[in-house]
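# mind folding the following:
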Amino acid sequence: MKSKAPLMLMEQMVMLLVFALAAALCLQAFVKADEISKQAEARDRAVLLCQTVAEELKESGEKDQLVLSAMAARLDADVVFPNESFILCYDQDWQRTSAENEIVYMLGVSAMDSGVPGLGKAQVFVEMGDNGEDLFRVDVAWQEVSAHG
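Now for the predicted structure:
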């Protein structure tokens with residue numbers, strides 16, 4: 001009678017290979033799920049940040065286009081452009097930063113021409129600092145309030 005040990009050993013090796021392949025696939029799925037989760041979290045934070053800035057813009061509608069200049073000064077913007085635009089820089093933990101090597105996200109507010117007197121308009125956006133990919137972008141309009149009401 002022949003020994004069945006070599007056949008049993010082969011079966012065990014095949015089973016081990018199947019389990020190793022299944023574990024590798026599961027590990028890939030977990031890594032991808034973690035990556036998608038981080039992207040969704042960043043997008044959610046970007047939406048919240050844009051919404052907050054948009055609400056502040058709408059609430060503080062001032063005469064002419066002084067709204068963005070006043071907001072840039074109040075928020076201590078990292079970069080202020082002469083065309084009524086500014087940028088705030090954030091690190092990977094969404095903390096304000098000015099160190100160039102730590103910038104991961106950038107919140108930008110850019111003035112736009114509404115074409116209607118008394119109506120202010122701007123675009124608020126958050127993008128990834130390293131590749132410029134938009135996480136969220138929204139247009140905001142507000143009624144400018146004069147000194148007479």
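
# could I get the buried residue list for stretch 73-81?
For stretch 73-81, a neighbour-count test (16 or more other Cβ atoms under 10 Å) marks 77-78 as buried. (C-beta placed from N, C-alpha, C; glycine too.)

# before we move on, what SS does Met71 have?
helix (DSSP: H, G, I helix; E, B strand; the rest coil).

# can you tell me how far it is from Ala5?
With distances defined as Cβ to Cβ, to the nearest Å, the gap from Met71 to Ala5 amounts to 79 Å.

# contacting residues around the least confident helix or strand in the chain by mean pLDDT?
Each helix and strand of the chain was given a mean pLDDT (mean pLDDT, DSSP states H and E); the minimum falls on helix 66-75 at a mean of 78. Residues from elsewhere that reach helix 66-75, judged by Cβ atoms under 8 Å, 6 or more residues apart in numbering: 53, 56-57, 60-62, 80, 84-86, 88, 109, 111, 120, 122, 142, 144.

# just the buried ones from the residues you listed?
The neighbour-count criterion (16+ other Cβ under 10 Å) marks 53, 56-57, 60-62, 84-86, 88, 109, 111, 120, 122, 142, 144 among the contacts of helix 66-75 as buried.
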